[in-house]
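*Asks:* no sequence on this one, just coordinates:
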């Protein structure tokens, strides 16, 4: 899960978004995003798909299973 945490933070920062802005853009909770980025919780499959679509990357990339977007 460490790779997911790293990539989520990197992708969010590359877009110049705060956790609150990302939450609003994806209709997710800013609290949940904070939990994920701090490794306190793990997102479900539908959330991973939502984030991957938003960042225009594959879910495998987001999860650290691939280095190809």
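*Replies:* Received it, and whenever you're ready, just let me know what you need. Source: prediction; values computed, not measured. Numbers count the residues shown, from 1 in each chain.

*Asks:* alpha carbons only for contacts and neighbour counts from here, please
*Replies:* Noted.

*Asks:* Could I get the contacting residues of the residue nearest to residue 29 when sequence neighbours are not counted?
*Replies:* With sequence-adjacent residues excluded and distances taken as C-alpha to C-alpha, 6 or more residues apart in numbering, residue 29 is closest to residue 23, at 5.3 Å. For residue 23, the contact set (C-alpha atoms under 8 Å, 6 or more residues apart in numbering) comprises 29-30, 33.

*Asks:* Check the spacing between residue 23 and residue 65 real quick.
*Replies:* Going from residue 23 to residue 65 by C-alpha to C-alpha, to the nearest Å gives 24 Å.

*Asks:* ditto for residue 27
*Replies:* 25 Å.

*Asks:* again with residue 24
*Replies:* 27 Å.

*Asks:* Ok, residue 25 next?
*Replies:* Residue 25 is 25 Å from residue 65, by C-alpha to C-alpha.

*Asks:* repeat for residue 16
*Replies:* Here the criterion is C-alpha to C-alpha. By it, residue 16 lies 24 Å from residue 65.

*Asks:* need the helices for this structure, in chain order.
*Replies:* 2-14, 19-26, 30-37, 45-55, 59-63 (DSSP state H).

*Asks:* Distance from the fourth one to the middle of the chain?
*Replies:* On the basis of C-alpha atoms, centre = their mean, to the nearest Å, helix 45-55 is displaced by 7 Å from the centre of the chain it belongs to.

*Asks:* Please point out which parts of that helix sit buried.
*Replies:* 48-49, 51-52, 55 (16 or more other C-alpha atoms under 10 Å).

*Asks:* Over to the last one?
*Replies:* Along helix 59-63, the positions that meet the burial threshold by neighbour count (16+ other C-alpha under 10 Å) are 59-63.

*Asks:* With the longest one instead?
*Replies:* Within helix 2-14, the residues scored as buried using 16+ other C-alpha under 10 Å are 4-9, 11-12.

*Asks:* tell me what that helix is packed against?
*Replies:* Counting contacts by 3 or more C-alpha pairs under 8 Å, 6 or more residues apart in numbering; DSSP states H and E, helix 2-14 packs against helix 30-37, helix 59-63.

*Asks:* could I get the ones you listed as TSV with mean pLDDT and distance to residue 44?
*Replies:* Below are those laid out as TSV (pLDDT from 0 to 100; distance: least, C-alpha to C-alpha, whole Å):
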stretch	mean pLDDT	distance to residue 44
helix 30-37	98	11
helix 59-63	97	12
